[in-house]
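> Task: produce atomic coordinates for the following.
(one chain, ligands or ions: 2)
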Amino acid sequence: MIKGDQLYEGKAKKVFTTDDPELLIVSYKDDATAFNGLKHGTIAGKGVINNKMSNSLMRYLEARGVPTHFVEELNDRETLVKKVEIVPLEVIIRNISAGSFAKNYGVEEGRVFASPTIEFSYKNDDLGDPLINEYHALALELATPEELETIRKYAFMVNDELKKFWSSCGVTLVDFKLEFGRLADGSIVLADEISPDTCRLWDSETGKKLDKDRFRRDLGGVEDAYQEVMQRLEENL
Ligand code: TMP
Ligand code: ASP
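Numbering: from 1, shown residues only. Ligands and ions are numbered 1, 2, ... in the order given. Prediction:
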């Protein structure tokens, strides 16, 4: 596989073309941002952890019926993925109140929901990724009704599988953000990443935060938390 030009540089990853028009290389950086890019920093070793964790979880999900963009891990930071057209929605599933949910609805963090919630944000940095509902997504033609149905189905499948998996690691899956893409044939697959940048992961015993909230909220021990949660994953996969 020949690595070609850089197509795109995001906040946490770079994307390169390859000699196959249907495949891309994703390269994970140690850069971290929060609050729509207002806060910048570096989390040493994050790129390696997020690459490996995301790939492990995508393989796990593929084996359980969720199609993903994952093709092959190339090295510590780089992965070969199927080229997709990203559906410009951030799909957020929550099992326990935290973050913007706790803030927006005036509830304490840590309230366990009777059933999980799903919400969508319009992926648009200039607008600060505003929350939208499915009617808005259809009005803006971000996805078709069939695509939204498929996305919702896969998002809840991911939640069911990852809740079980993280629980076996002594980690509680509080909430997470997914992105989906369209392959050349129009089918929907899970894309982007699944990592401590995009999930809230709490130690099931102590409640200790093992995710990017340590960076967002200046809690310290950011690198250690990423390493700890990666180690738990490797011990239980
Ligand atoms: P929130 O509570 O801030 O809305 O975040 C919900 C989940 O989505 C949490 O697991 C962190 C993740 N997330 C991202 O992956 N990217 C983002 O830009 C934001 C705001 C949240
Ligand atoms: N990644 C997002 C940003 O930069 C926010 C976040 O994860 O909190 O701004």
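> which stretch of helix or strand covers the residue of the chain found nearest ligand 2?
Each residue of the chain has a distance to ligand 2, by C-beta to the nearest ligand atom, and the smallest belongs to Thr33, at 3.4 Å. Every C-beta, even on glycine, is put in place using the N, C-alpha and C of the backbone. With the criterion set as DSSP states H and E, the secondary-structure element containing Thr33 is strand 31-34.
> Can you list the strands that that strand pairs with?
strand 39-42 (antiparallel) (DSSP bridges).
> Contacts only, for the residue nearest to Pro130 when sequence neighbours are not counted.
Distances taken as C-beta to C-beta, 6 or more residues apart in numbering put Tyr122 closest to Pro130, at 5.5 Å, once the chain neighbours are dropped. The contact partners of Tyr122, by C-beta atoms under 8 Å, 6 or more residues apart in numbering, come to 88-89, 129-132, 136-137, 140, 142.
> Please apply the same query to Arg214.
Contact analysis of Arg214 by C-beta under 8 Å, 6+ apart lists 220-222, 225.
> before we move on, what about Phe70?
Shown here is Phe70, whose contacts under the criterion C-beta under 8 Å, 6+ apart are 55, 58-59, 62, 79, 81-82.
> just to revisit the earlier point, which ones among the contacts of Tyr122 lie within strands?
Members of the contacts of Tyr122 lying in strands (criterion: DSSP state E): 89, 131-132.
> Would you mark the buried spots in stretch 133-153?
By neighbour count, with 16 or more other C-beta atoms under 10 Å as the criterion, the buried positions of stretch 133-153 are 134, 137, 142-143, 147-148, 150-151.
> Other residues contacting that stretch?
Applying C-beta under 8 Å, 6+ apart, the contact partners of stretch 133-153 are 87-89, 91, 118, 120, 122, 132, 180, 182, 188.
> Filter those down to the buried ones, ChimeraX style.
Applied in ChimeraX, the following selects the buried portion of these according to 16+ other C-beta under 10 Å:
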select :87,88,89,91,120,122,132,180,182,188
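> and ligand 2, which of the contacts of stretch 133-153 contact it?
Contacts with ligand 2 within the contacts of stretch 133-153, counted by C-beta under 6 Å from any ligand atom: none were found.
> Give me the phi and psi for the nearest residue in space to Ser97 that is not next to it in sequence.
Nearest-residue entry for Ser97: Arg111, 4.2 Å, with adjacent residues in sequence omitted and distances by C-beta to C-beta, 6+ apart. Summarising the backbone geometry of Arg111 under the convention degrees, to the nearest 10, its torsions are phi -80, psi 120.
> Which residue ranges of the protein form strands?
If you assign secondary structure with DSSP E, the strands in the chain sit at 3-9, 13-18, 23-28, 31-34, 39-42, 70-73, 78-82, 85-86, 89-96, 112-122, 131-132, 171-182, 188-191, 199-203.
> how about those strands, which one is nearest ligand 1?
With C-beta to the nearest ligand atom, the closest approach to ligand 1 among the strands of the chain belongs to strand 171-182: 3.4 Å.
> which one of the ones in strands among the contacts of Tyr122 is nearest Ile2?
Checking the ones in strands among the contacts of Tyr122 against Ile2 by C-beta to C-beta gives Leu89 as the nearest, at 32.2 Å.
> which one is the closest one nearest to, not counting chain neighbours?
For Leu89, ignoring the flanking residues on the chain, the nearest one in space by C-beta to C-beta, 6+ apart is Phe120 at 4.9 Å.
> Around ligand 2, which positions in the protein sit nearby?
Contacts of the chain with ligand 2, taken as C-beta under 6 Å from any ligand atom, map to 11, 33-37, 212, 216.
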